[in-house]
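Undergrad: Sequence plus predicted model, see below.
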Amino acid sequence: MKYSHYIVTISICAFFSNLSIGQLTLLDAKDYALKHHFDIVNADLEYNKAIHKKREYLSAGMPEAYISGGFNQFLNLPVQVIDASFFNPQSPEGQVIAFRAGTEFNSSASLNVNQLLFDGSYFVGLEASKLLIELQSIQKNRSREEVLFGVIEAYHIASVATENDLFADSILQLTLQVEEKQKGFLELGLMTQEEFDQIHYAVLRTMNNKENAELQLQNAMALLKYSMNCPLDSTFSLSTGIDELSMNALSPSLGTVNDNSTLKLLENQIKLSACDVKNNKAGFLPSLSAYFQQSYNAYRTTFDFFSNKPWYSQTSWGIQMTIPVFSSGKGKSTLKQAQIKFMQDENTLKTTENGLKLQEIQFKNELKTAQRQKELQEQNIILTEKIYKNAILKQKAGKISNTEVTQKLNQLIMTQAEYTATLINVFKSKIKLDKLYNKLNIK
């Protein structure tokens, strides 16, 4: 056992080491979160608790045995009173004789065994305990879904932020090169200070855009670490790029709303409500139990229970039956409430199913719209980048002013921001649909 714990410790340390020096794929992020996130750990604990709860219900129908013992010392022996005529028929009427009877020291020990023979509520409880385990199993999967949804969404945002940071850096470097060449023209007197200030403004704009991109990337990485329940001071880079994520987003989402975990949860709730109805009906049935008792009693005038003196045994067994007769209508009212709850749960299931079908239509349309916008923005980003680079070439040839170059740069930056937002919309629309179909699994 110690050796296995040692191996697990080594594996965890190795994983953290990889996080600190290596790259993280989307699959790695999901796998890490499933193993370390506290929401999943707590869901597993709830599932284990439900298993032990079932064992508790099961044990109620098993034989129950216990040993009991007692010791008494009568500081004053009990007084017994009888009619005097019992000893003397000539005694006056109403005369009594009082005397003390018994022994000062008494001790007893007994073995008791009880066995439930029949109780309708017991069998309903067993069925309900099985459903409780199924319920916690569904809750485990729902916890996994929520955690995976958060991890995937955070990974997408971090990947887009990484791409955006690289783009901002490339534009900054390009603009810095233009400024460096413009310095030569300024020194030769081939351009005015005002024209140079305009290109310097463009540099400042791209530098600010780069700083914002870096901050967005830092925030996105922190969000990803938090969603994974990973130490916030760990360092790693993302190896699943935008192209691969885009391909995954374009792949069809296979499944139906019938796979949704909310429906499974409500279906299980209906079964539990049905058990509640059965349990209330079982309350009108008789219950039957049996018992066995073996006891030993000792009576002493002195405290000598360990001496060789007799202990008097007594053995008994019996069957007890309880038949409900009258409960002032309480039982019927409770049963009626359980039946109403069952009907309400059925209606909730139907309403939820219709709502999920509506979400399916909306999510599919959102994804289709986002994918179309992404295609248009990809064309826009290529076009605006081309326009900006051409503007730089024209400015070098003296065909356009630096102000026009700056305008093209602003256009490129805005287009990049729109493209980034579109990417995030595509990714989020896809994982919302996958979550609807309960497809956010480790693979």
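TA: In hand now; what should we look at?
Undergrad: all strands of the protein, in order?
TA: 23-24, 64-73, 79-83, 96-100, 105-118, 237-238, 287-300, 312-322 (DSSP state E).
Undergrad: Nearest to residue 210, out of those?
TA: Taking C-beta to C-beta, strand 237-238 is the member of those nearest to residue 210, at 18.1 Å. No exception for glycine: its C-beta is placed from N, CA and C like everyone else's.
Undergrad: Adjacent strands (with direction) for that closest one?
TA: Sheet pairing of strand 237-238 (DSSP bridges) gives strand 23-24 (parallel).
Undergrad: what does the strand it pairs with rub up against?
TA: 236-239 (C-beta atoms under 8 Å, 6 or more residues apart in numbering).
Undergrad: Which pLDDT value belongs to the most centrally placed residue in the chain?
TA: Closest to where the C-alpha atoms of the chain average out (C-alpha atoms, centre = their mean) is residue 143, at 3.1 Å. The model reports residue 143 with a pLDDT of 92.
Undergrad: just residue 203 next, same as before
TA: Residue 203 is given a pLDDT of 86.
Undergrad: what about it, distance to residue 187?
TA: 17 Å (C-beta to C-beta, to the nearest Å).
Undergrad: Helices of the stretch 1-150 of the chain, start to end?
TA: In the stretch 1-150 of the chain, the helices defined using DSSP state H, counting those that start in this stretch lie at 2-21, 26-36, 38-59, 120-187.
Undergrad: got those as TSV, with distance to residue 415 columns?
TA: Listed next are the helices of the stretch 1-150 of the chain as TSV, based on distance: least, C-beta to C-beta, whole Å:
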stretch	distance to residue 415
helix 2-21	35
helix 26-36	27
helix 38-59	39
helix 120-187	10
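Undergrad: Residue 117 - how many residues pack around it?
TA: The number of residues packed near residue 117 is 12, by other C-beta atoms under 10 Å.
Undergrad: thought it was touching residue 318?
TA: No - Residue 117 sits out of contact with residue 318 when judged by C-beta atoms under 8 Å, with a separation of 11.8 Å.
Undergrad: overlap in contacts of these two?
TA: With C-beta under 8 Å, 6+ apart, residue 117 and residue 318 have common neighbours residue 290.
Undergrad: Mind listing what's buried along stretch 333-353?
TA: By neighbour count with 16 or more other C-beta atoms under 10 Å, stretch 333-353 contains the buried residues 335, 338-339, 341-342, 345-346, 349, 352-353.
Undergrad: Inside helices: which ones of the residues you listed?
TA: 335, 338-339, 341-342, 345-346, 349, 352-353 (DSSP state H).
Undergrad: Show me which pair in the residues you listed is furthest apart.
TA: 335 and 353, at 27.7 Å, using C-beta to C-beta across those.
Undergrad: ok so, going back, show me how to select, in ChimeraX, the buried members of the contacts of strand 23-24.
TA: Filtering the contacts of strand 23-24 down to the buried ones (16+ other C-beta under 10 Å) takes a single ChimeraX command:
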select :236,238
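Undergrad: With distance to residue 52 and pLDDT added, can I get the contacts of strand 23-24 in a markdown table?
TA: Shown next, in a markdown table, are the contacts of strand 23-24 (distance: C-beta to C-beta, whole Å; pLDDT from 0 to 100):
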| residue | distance to residue 52 | pLDDT |
| --- | --- | --- |
| 236 | 39 | 90 |
| 237 | 44 | 89 |
| 238 | 41 | 91 |
| 239 | 42 | 90 |
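Undergrad: for this protein, which spans come out with low pLDDT?
TA: The chain contains residues with pLDDT under 70 at 1-22, 185, 188, 190-191, 442-443.
Undergrad: Got the phi and psi for the most far-flung residue of it relative to its centre?
TA: Residue farthest from the centre of the chain, counting by C-alpha atoms, centre = their mean, is residue 90 at 87.4 Å. When read as degrees, to the nearest 10, the backbone of residue 90 gives phi -90, psi 0.
Undergrad: Tell me the spacing between it and residue 96.
TA: 15 Å.
Undergrad: same thing with residue 84?
TA: Counting by C-beta to C-beta, the gap from residue 84 to residue 96 is 6 Å.
Undergrad: More neighbours: which of the two?
TA: A count of neighbours by other C-beta under 10 Å puts residue 84 above the other of residue 84 and residue 96, at 15 against 11.
Undergrad: which ones are touching that one?
TA: 91-92, 95-97.
Undergrad: now the residues you listed in JSON lines, with distance to residue 62?
TA: Listed next are the contacts of residue 84 as JSON lines, based on distance: C-beta to C-beta, whole Å:
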{"residue": "91", "distance to residue 62": "59"}
{"residue": "92", "distance to residue 62": "62"}
{"residue": "95", "distance to residue 62": "58"}
{"residue": "96", "distance to residue 62": "52"}
{"residue": "97", "distance to residue 62": "52"}
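Undergrad: List just the nearest of those to residue 441.
TA: For these, the nearest to residue 441 is residue 96 (87.2 Å; C-beta to C-beta).
Undergrad: Just to check, that closest one is in contact with residue 82?
TA: Yes - counting by C-beta under 8 Å, residue 82 is a contact partner of residue 96 at 6.6 Å.
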